[in-house]
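Q: need a 3D model of the sequence below.
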Amino acid sequence: MQGVGFRPYVYRLARELGLGGWVLNDARGVMAEVEGGAGSVARFLERVGREAPPLAVLERIRADELPPIGAGSFQILPSPHGEAADAPVTPDSAPCPDCLRELFDPADRRFRYPFINCTNCGPRFTIVRGVPYDRLLTTMAAFAMCPACQAEYDDPDDRRFHAQPNACPACGPRVALLGAGGVPVDRHQPPDHLFGNGSRDVVAAAADALCDGAILAVKGVGGYHLACRADDEAAVARLRARKCREDKPFALMAADLERASELVLLGSDEQELLASPERPIVLAPRRPTAAVARAVAPRSTELGVMLPYSPLHHLLLAGAGRPLVMTSGNVSDEPIAYRDEDALSRLGQIADLFVVHDRPIETRTDDSVVRSVAGARAFLRRSRGYVPGAIGLPGAGAPRPLLACGAELKSTFCVAKGARAWVSHHIGDLHNYETLRSFADGVEHFQRLFAVAPEIVAHDLHPEYLSTKYALERDGVQLVGVQHHHAHLAACLAEHGLGGPAIGAIFDGTGYGADGTVWGGELLHGDLDSFTRVGSLQAVRLPGGERAIKQPWRMAGAWLLAAGDRGSEDTPPLPAALLNRVDPAAWRQVIGLARSGLASPVTSSVGRLFDAVAALCGICPEVNYEGQAAVELEAACDPHERRRYPVALTSAGGSLLLDPREMIGAIAADVAAGVAAGAVASRFHHAVVHATVDACATLASRHATELVVLSGGVFANRRLLTGSIAGLRAAGLRVLTPRRLPAGDGGISYGQAAIAAARTSS
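A: Here you go, the predicted model:
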C-alpha cells in the first residue's frame, strides 16, 4: 500500500466524487476518512479497490461509519511517527512506460537521467530505512528536491505527487565513472549542468567501454553487477578467471523482449515473467543461433535472461546495442558488494571500470531467478522485485512474534507476526563471516522494519549450521527445532494456505535427519505440526563426507559398491568414463572408505544419486558449484529416448524403499557398452519420475489422502518436476509445488515459521 501512489490516488478519487476528509500513511497501512452524500461514499468504496494504482496490493478494505463533522475539503495529512510498524513495504519495481518515454525524450528535463521514477515505479525496499514510507526514512533523505521536483511532489494531479524518490539532474543522485583504483575518469565527466541532452555523458562512456571489451562493475538497485559483452568470448573468459567462477552460468541482460527472444525460446509465460515489474532472471531454452559466447553458460541448454530494471540499465543496454553479461558483483561464494568502498576494494581486481552513483543502497538484494514449469512460476531464487512481499500464514497465524533462521545453503530468514510472514531476500551460503554478518544485519533490519521482536525462534536441527548457532545464541526466546525436510513440506503446504495432511516427496542434497543420518530422498506423511517418515531412497555411504559433494565420482563408487555382490570383497573397477579423470589409487581408497564406513556417513540423498549417475556417464566427475552435476546431467538428456531403468519399490517395516541398485548396475553396463550419455541420462530421469509417482500414489492410497507435495532442491530439475506432476495428476492426485518460494533451501525459513506457529498456537 505504501510507496505506490495510493494516497494521491485516494485524494484524486475523493475530489472527483466531491468528498471531504483526509488520507494518510500510518505504521499499519493507509487510513482515510471520507464524508459526503451516501451515493458518493458508496461509489468511493466501490472504486477504491477496483481502480487502485498498478503496484498496490490490497489485503483488505475495512470501512466504519462515523458521525458527519462537516468536512468541506479533502487533504493528505502528514504521517504520524513513533507507532509500531505493521504496514507491508513495497518491493522495487522496474521503470514504468511513462518514465521510459521521458528517459529517451530529448525534450524532457529528465532525458537520460539514470534515476527517473514516479509513484508507479522505481526503488522501494532497497532504499527504505523505516516505516511509514516517507522520504526522510529512505536513502533519498540527503537529496533536497529542487523547486521543479517539489512542485511535482506537491501537485495532486502530477504522476510524481508524493513520489518519495522523486529527483532530477538538478537535485538528485549522480553517476560517475571510476577507474579500478576509485579515481574518476575525468575525460568522461559531463559539466555539472549537463546530464545528457545529447552530450557524451557518463553512461554513454561506460557503454562504449563495454563495447570495447571492458569489464565494468555497475552499481544497480540492490548491489553491484559485473558486466561485459555477452558475445565477446575473450571478455567473458576474463570475467570467469577474475571472478573465480569456473563453470556456473552467467546471467544475461537484453534490452527488450525482442532482443531476449533472439537468445532464448520464449513462451507466453516466459514473456510475462520477463516483462513484469519484478524483472527476474528467467531461465529458458537457449536458441541454437544465440549470439552468446560459449563461456557464458558452458554445458547448459538454458540461458538466464532478464530485462533492464533500472533507468541506468536501460541506458547501458541502449548504448551498448547488444546483450550484456550481468552477473552478481562478487568473488564466488561471497555476498554481492553494495557499498561503494566495499565494491572498490573487493571488485578492484575484477573490474576495469566502475559505474557508481551517490544514492546509498540500504539493503543488499540479489536478482531473483525463476522459470516457468507446467504453466506456473517456479522460483530458484526469490529476492529483488518480490521481497519483502508478505506471505500469509494459515490458520491462526503466529501467536507471538517469531523469527525463523532457515538453513545454510541459499540462506534466507523469515520474521512473522499474526497472519503475516516476511521471507528475506537471498542471503547466500552461510559458509563465511561476511555472509553471516549479512544474515545478522538483515535480521535486524527486518525486525525493525516490521516491528517484530521475536519471542519464538525456529531453527534447523543441524547443530553445525551457522543459522542454528545464531538461533541458539538468542536470549529469552522459545526455541523450536524443525527437521529440514519437514520444513520443505510445511513451506509448500502453508504458501497454498493449507495445513495438511499430505504425502511429501522431498528430494534434495543433504539435510540433518531425525535419526542423525544425512537425509535427502524422503517420503513424508505430515502436516504443519508433525510428520512421519513413511519412505526413503535406499541409503548408501557418503565417502569422505562433504568431499563427496564436491567430487561426484566418490558417489559413483559408493553406489557401484552398493549395487555389487554384497558378499564380495572385490573393488568395483574404475568405470571407463572416469579413466584418466580419477586417480586409480584414490578410487580404491574411496571404495575402502565406503566399505568400512570410516568418515563416510549414511545418506539417502537423491541429489547425491544424481551426482553418481552424472559421474558414471563421465559428464561431471567434479563440481565447481552446488547442483552442477544434476544440471549438466539434465542438459545431456536425449529428448527422443523413451526407455527407463528399473527402480525397485519395496516395503520394510511399513515404510517404502526406493531401491535403485539394479538401475546403477544397468547404467554401468550401458556405459561400458558405449551407450551414449544422453540416452543414459534420459533413461535415468524417466526411472526417477516413474518411481516417484509410483511411491507417492501408493502412499496416498495407504494414508487416505489425495494431496501430494513435491519439494526440495532436486525438484529444480524441469524434467523431474514436469514428469512427476503429469504422472501424479494422471493418477488422480492433487499436486502442490512451491509457487511463491523456491523448492530449495530458500523456502526453508518460511516452512520453519509455519511449523513454529502451528506448534505454539495450541
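Q: care to break the protein down by domain?
A: Per automatic domain parsing, the structural domains of the chain span 6-76, 175-371, 390-496+744-761, 536-693.
Q: out of those domains, deepest packed?
A: Highest mean neighbour count among the domains of the chain (mean count of other C-beta atoms under 10 Å): domain 390-496+744-761, with a mean of 22. Any C-beta I mention is one placed from the backbone N, CA and C, and that applies to glycine too.
Q: so for that domain, first residue to last residue, what's the gap.
A: By C-alpha to C-alpha, to the nearest Å, the extent of domain 390-496+744-761 from end to end equals 20 Å.
Q: low-confidence bits of the stretch 51-200 of the chain, can you list those?
A: 81-88, 186-200 (pLDDT under 70).
Q: does Pro572 belong to a helix or a strand, and which?
A: Pro572 belongs to no helix or strand when assigned by DSSP states H and E.
Q: for it, phi and psi?
A: Backbone torsions of Pro572, given as degrees, to the nearest 10, read phi -50, psi 140.
Q: helix, strand, or coil at the closest residue in space to it that isn't next to it in sequence?
A: Leaving aside its chain neighbours, Pro572 sits nearest to Leu560 (4.0 Å; criterion: C-beta to C-beta, 6 or more residues apart in numbering). The assignment at Leu560 comes out as helix when based on DSSP: H, G, I helix; E, B strand; the rest coil.
Q: Leu560 against Ala669, yeah?
A: No. Using C-beta atoms under 8 Å, Leu560 is not in contact with Ala669, being 11.3 Å away.
Q: separation between Gly130 and Ala141?
A: Remark: distance between Gly130 and Ala141 (C-beta to C-beta, to the nearest Å) = 11 Å.
Q: which one of the two has more residues nearby?
A: For the pair Gly130 and Ala141, the greater number of neighbours falls to Gly130 (18 against 14), based on other C-beta atoms under 10 Å.
Q: skip the chain neighbours and tell me the closest residue to the more buried one.
A: Counting by C-beta to C-beta, 6+ apart, the residue nearest Gly130 is Leu137, at 4.2 Å.
Q: residues in contact with the one you found?
A: 128-131 (C-beta atoms under 8 Å, 6 or more residues apart in numbering).
Q: rewinding a little: which stretch among the domains of the chain comes nearest Pro95?
A: Closest of the domains of the chain to Pro95 is domain 175-371, at 5.6 Å (criterion: C-beta to C-beta).
Q: tell me the gap between the longest strand seen in the chain and the middle of its chain.
A: Ordering each strand of the chain by length in residues (DSSP state E) puts strand 502-512 first. Its chain's average C-alpha position is 19 Å from that of strand 502-512, according to C-alpha atoms, centre = their mean, to the nearest Å.
Q: repeat that for stretch 715-733.
A: The answer for stretch 715-733 is 22 Å, by C-alpha atoms, centre = their mean.
Q: can you pull out the residues in contact with that stretch?
A: 371, 373-374, 378, 380, 505, 507, 610, 627, 630, 634, 637, 685-686, 688-690, 692-693, 696-697, 700, 706-708, 710, 714, 735, 737, 742-744.
Q: any low-confidence regions in this protein?
A: The model of the chain has pLDDT under 70 over residues 1-3, 27-28, 81-88, 186-200, 566-567.
Q: tell me which residue is most central in it.
A: Centroid-nearest residue in the chain: Arg381, 1.7 Å away (criterion: C-alpha atoms, centre = their mean).
Q: for it, phi and psi?
A: Per degrees, to the nearest 10, the backbone of Arg381 is at phi -150, psi 130.
Q: could you do Gly39 as well?
A: The phi/psi pair for Gly39 (degrees, to the nearest 10) is phi -70, psi -40.
Q: if I look at it, how far off is Asp342?
A: Taken as C-beta to C-beta, the span from Gly39 to Asp342 is 59 Å.
Q: then Ile667?
A: Per C-beta to C-beta, Ile667 is found 47 Å from Asp342.
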